[in-house]
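S.K.: Make a model of this:
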Amino acid sequence: MKLDATILRTLHPDALKVLAAMEKHMVDHTIVPTSAILKTANLRGASHHKIISALMRNKLAHHEGSGGRAGYDGYRLTNAGHDLLALHHLKSVGVVSAFGDRIGVGKESDVYL
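M.R.: Down below sits the predicted model:
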């Protein structure tokens, strides 16, 4: 899936906190529990449902749940989510300021001006 860089512009700041929390906990977990995400991202109330569903709609996160006795429920960060976090970091430190026209398409990368 190709990453749409315009998502970064329209994404809620709390969504970036959720993505960063997922990335932090994926060091220890394959599937990050929802409680760990909420605790690390410092989200209150029911707004986390809206934020996480927006991340899943943009294919930045994926829900993993199993019924039955295991009952493990959580989320994992997709490759697009990792890429978006990297773009956000590069933007915040001033390395990337804007995306121009696409000048080349390769097997594993796209080149922009």
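S.K.: where along the chain do the helices fall?
M.R.: Per DSSP state H, the chain carries helices over the ranges 6-10, 13-25, 34-41, 47-57, 79-92.
S.K.: now, of the ones you listed, which is deepest in the fold?
M.R.: Of all the helices of the chain, helix 13-25 carries the top mean neighbour count, a mean of 19, counting by mean count of other Cβ atoms under 10 Å. Any C-beta I mention is one placed from the backbone N, CA and C, and that applies to glycine too.
S.K.: Pass me the low-pLDDT residue ranges in this protein, would you?
M.R.: 1-2, 45, 66-71 (pLDDT under 70).
S.K.: go again using 80 as the cut-off
M.R.: For the chain, the stretches with pLDDT under 80 are 1-5, 44-46, 65-72, 99-102, 108-113.
S.K.: Report the central residue of it.
M.R.: Gly81 (3.4 Å; Cα atoms, centre = their mean).
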